[in-house]
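A.B. asks: Got a sequence here, can you build the structure:
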Amino acid sequence: MIFPSRPLRRVHLVLTLLAATLAMHGPSAAEDVTLGGPGKQAALLMFPYFAYDSEDGLDSILRLTNLANEPVDVSCVLVGKPSRCTITGNDCSSDADCFSNNCERQHTEAYSIDFPVRLLPGQPLDWSASTGLSRADLPVAVGRCEGDSTVICFSDSTCVAAGLEGCGPTNAGTAIPPVPEDPFQGFVVCVAVDEEGRPTENNALRGSLTLVRSTADGDDTASYRAIGYPALAGANNGDRTLVLGGPTAEYAGCARELSGPVLFDFALEPISRTTTLFTKMALIDCNMDFVSSSSELREASIGGISEFFLGYGASSTFRTQLVSYLSERFEGEPDDGAPLSVAWQGTLGGKIRVGFGGGIAGVAVEEHHLEFGRIVASSVVELTPTRFGPASVIRLPGAATPAPMSSVGPTATPTPTATPRSFGPEITYFGLATASGRVLEPASQVDGLPLFEVPRGYGFRIVIEARAGRSAQSPGTLLPRPPVTGGASLTPPHIQLQADSDLGDGNPEVCEFVDPNNPRAPIGGVPGIAPVSFEFEPGISQTLNDFACRLSRFSLGSCVVDTQGAPSRVAEETTAQVCSWMPVDEDIEFPIGDTTLSVRWLDVDGNPGEVAQIVVRVAIP
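C.D. replies: Okay, here's the model as predicted:
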């Protein structure tokens with residue numbers, strides 16, 4: 001059963017009174033605009049815990065609110081840690097994706113996906129981890145010309161050409177992807193920007209996040225407020241490198257230390273005595289580099305006192321983000337004999353202090369388990385910043401060449417320049433490989449396009465590699481995951497691949513896969529598009545998604561091999577790689593003769609790159 005909300009509040013009332021007593025024995029920080037904190041109206045927001053687990057019934061609903069009387073553009077970054085097959089190293093979302101049946105989350109690296117959001121005046125905008133928010137589902141997907149609401153517009157130029165005033169506010173340009181993995185644990189960072197993507201001092205944002213857990217008895221919800229870092233007046237130089245705190249601060253600083261009342265692991269809920277409590281810490285390092293994806297190894301220490309004033313301590317190492325139970329000694333496994341367990345403490349809860357010497361943000365998620373792993377309810381404790389930290393630096397995608405962290409200090413203010421927005425990722429390789437991953441060489445050219453000759457229309461891999469283009473934004477990673485229905489089928493994928501003739505039977509159903517009730521039934525093919533078109537139209541978007549369902553992101557070099565059989569990227573300058581997730585089979589068999597494949601890659605902001613093409617010739621038997 002779900003633990004009743006009223007007794008749960010009583011548990012937190014006890015802890016609140018306990019914290020008030022313990023507060024006399026530790027420092028606290030007064031409300032200060034130079035220190036970020038939960039619930040602050042700001043230009044920079046952090047959501048330290050954003051999770052999705054379909055098997056566990058868990059989803060996250062993020063709300064971003066514009067408190068200004070004018071539209072606000074926002075640049076957000078979703079950060080997660082990849083899951084990979086333990087034997088092959090291929091990216092995976094579940095054990096079913098791995099031949100070894102073992103898909104594990106990585107802890108030494110992280111990936112990021114950035115995306116644009118446009119908020120109308122006074123508008124709250126919600127999206128979930130599971131579905132994101134596609135263009136088709138935007139509250140105001142198109143604008144209306146002022147003076148004639150029957151005229152649809154996306155910019156002022158449309159209205160001016162019609163002899164009308166400007167285009168009314170719209171959410172157009174917003175494209176929020178779902179999380180790329182299931183299960184997923186990560187965090188989100190959002191910053192107010194101008195139309196060119198340059199950070200601004202517009203402290204108009206406030207946010208919250210609600211964890212929703214669906215059980216047989218109904219939905220349980222637990223919420224926390226986003227941690228806000230107000231921009232400091234006159235300090236922002238408009239580049240995409242953000243400085244939090246310190247002598248050259250552009251934004252309020254991150255705390256060096258966090259504190260709050262928590263429940264110790266293995267505590268028996270005292271009212272109904274039907275659930276056992278575990279507290280999961282979700283901490284993020286305020287130093288973030290989304291350009292090089294590098295991060296430093298941190299060691300977070302957790303210390304504090306209980307109601308008996310017994311000291312205790314623990315530590316955990318992490319990069320970028322730490323998600324760990326208080327008593328965890330091995331991954332995902334609380335230890336009832338650890339210092340932060342009830343058995344060790346002899347009491348229900350206490351006040352903790354968390355820090356590692358640098359800027360840190362986080363929350364504590366208290367989970368109610370009927371048995372460990374079977375969670376029926378949760379709540380979130382917002383941790384309070386208690387000490388000022390050193391300067392922290394966030395390098396957003398597209399930031400200039402970094403300066404070492406130790407060199408942060410007075411610098412000349414550069415003149416902001418608009419980043420070119422019309423040139424997305426550059427295709428560094430587009431071709432074929434054998435089923436075993438050996439790259440095939442073009443036999444010749446047809447009308448200037450590389451010609452690949454194959455003996456039959458299946459049994460080979462399609463390989464696409466890219467790097468950032470003139471926009472300086474990373475190649476996007478949004479690929480559909482079946483089932484793809486409704487508005488999701490209309491959201492164009494970041495890797496847009498098409499053929500000029502039907503593949504297989506040309507079935508227009510999007511991302512159809514094996515019927516578990518009839519595994520021998522054909523899966524269905526991919527319709528052709530002729531002439532080549534990437535227009536944002538339902539039929540084209542659905543076909544691009546249908547083909548993209550056959551693609552999979554790989555760690556660089558993991559889907560092709562060199563002459564010695566070792567993993568190897570095709571082009572040295574490649575930074576992103578996708579391949580057909582299995583060799584092309586009969587379901588999307590290429591027809592006899594020539595088929596032209598065309599592909600373009602969108603960056604994380606949705607900017608398309610140049611189209612690349614090849615010709616695949618299937619020999620006549």
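
A.B. asks: Would you agree Thr428 is in contact with Arg467?
C.D. replies: Yes: counting by Cβ atoms under 8 Å, Thr428 sits close enough to Arg467 to count as a contact (5.4 Å). From N, CA and C alone the C-beta is placed, and that goes for glycine too.

A.B. asks: the more surrounded of the two?
C.D. replies: Higher neighbour count among Thr428 and Arg467: Thr428, with 21 against 17, using other Cβ atoms under 10 Å.

A.B. asks: moving C-terminal of the worst-scoring helix or strand of the chain on mean pLDDT, what's the next helix or strand?
C.D. replies: Within the chain, judged by mean pLDDT, DSSP states H and E, the helix or strand with the poorest mean is helix 5-22; its value is a mean of 36. With elements assigned by DSSP states H and E, the helix or strand that comes after helix 5-22 is strand 37-38.

A.B. asks: Which elements pack onto that next one?
C.D. replies: Contact analysis of strand 37-38 by 3 or more Cβ pairs under 8 Å, 6 or more residues apart in numbering; DSSP states H and E lists strand 227-229, strand 384-388 as its packing neighbours.

A.B. asks: what's the most buried one of the ones you listed?
C.D. replies: Of the helices and strands packed on strand 37-38, the one with the most neighbours on average (mean count of other Cβ atoms under 10 Å) is strand 227-229, at a mean of 29.

A.B. asks: What strands line up against that strand, and which way round?
C.D. replies: Sheet pairing here is set by DSSP bridges, and for strand 227-229 it gives strand 37-38 (antiparallel), strand 44-52 (antiparallel).

A.B. asks: got a list of what Ser392 touches?
C.D. replies: With contact taken as Cβ atoms under 8 Å, 6 or more residues apart in numbering, Ser392 is in contact with 243-246, 253-254, 286-287, 358-359.

A.B. asks: can you give me the helices for the protein?
C.D. replies: Under the criterion DSSP state H, the chain carries helices at the ranges 5-22, 156-161, 342-345, 538-548.

A.B. asks: hmm, who's touching the last one?
C.D. replies: Just to be clear, that refers to helix 538-548. Where contact means Cβ under 8 Å, 6+ apart, the residues beyond helix 538-548 that reach it are 479-480, 484, 488-493, 495-499, 508-511, 526-527, 529, 533-534.

A.B. asks: which parts of it are buried?
C.D. replies: Of the residues in helix 538-548, those with enough neighbours to count as buried (16 or more other Cβ atoms under 10 Å) are 540-548.

A.B. asks: any chance of these in JSON lines, with distance to Val342 and pLDDT too?
C.D. replies: What follows is the buried residues of helix 538-548, written out as JSON lines (distance: Cβ to Cβ, whole Å; pLDDT from 0 to 100):
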{"residue": "Ile540", "distance to Val342": "58", "pLDDT": "89"}
{"residue": "Ser541", "distance to Val342": "53", "pLDDT": "85"}
{"residue": "Gln542", "distance to Val342": "54", "pLDDT": "87"}
{"residue": "Thr543", "distance to Val342": "57", "pLDDT": "91"}
{"residue": "Leu544", "distance to Val342": "54", "pLDDT": "92"}
{"residue": "Asn545", "distance to Val342": "50", "pLDDT": "87"}
{"residue": "Asp546", "distance to Val342": "53", "pLDDT": "88"}
{"residue": "Phe547", "distance to Val342": "54", "pLDDT": "90"}
{"residue": "Ala548", "distance to Val342": "49", "pLDDT": "89"}
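
A.B. asks: from the residues you listed, which is closest to Tyr325?
C.D. replies: When the buried residues of helix 538-548 are ranked by distance to Tyr325 (Cβ to Cβ), Ala548 comes first, at 37.2 Å.

A.B. asks: Any idea how many residues pack against the residue nearest to that closest one when sequence neighbours are not counted?
C.D. replies: Excluding its sequence neighbours, the residue lying closest to Ala548 (Cβ to Cβ, 6 or more residues apart in numbering) is Pro493, at 3.9 Å. Around Pro493 sit 24 other residues, with neighbours defined as other Cβ under 10 Å.

A.B. asks: With Arg617 instead?
C.D. replies: Using other Cβ under 10 Å, Arg617 has 17 other residues around it.

A.B. asks: was I right about it contacting Glu453?
C.D. replies: Yes: with contact defined as Cβ under 8 Å, Arg617 reaches Glu453; the gap is 4.9 Å.

A.B. asks: hey, what's in contact with both of these two?
C.D. replies: Common contacts of Arg617 and Glu453, defined by Cβ under 8 Å, 6+ apart, comprise Ala443.

A.B. asks: list the contacts for the closest residue to Tyr52 other than its chain neighbours?
C.D. replies: Computed as Cβ to Cβ, 6+ apart, the closest residue to Tyr52 that is not its neighbour in sequence is Ala129, at 3.8 Å. Neighbouring residues of Ala129 by Cβ under 8 Å, 6+ apart: 50-52, 59-62, 178-179, 184.

A.B. asks: So of those residues, which two are at opposite extremes in space?
C.D. replies: Maximum pairwise distance among the contacts of Ala129 (Cβ to Cβ): 14.1 Å, between Ile61 and Phe184.
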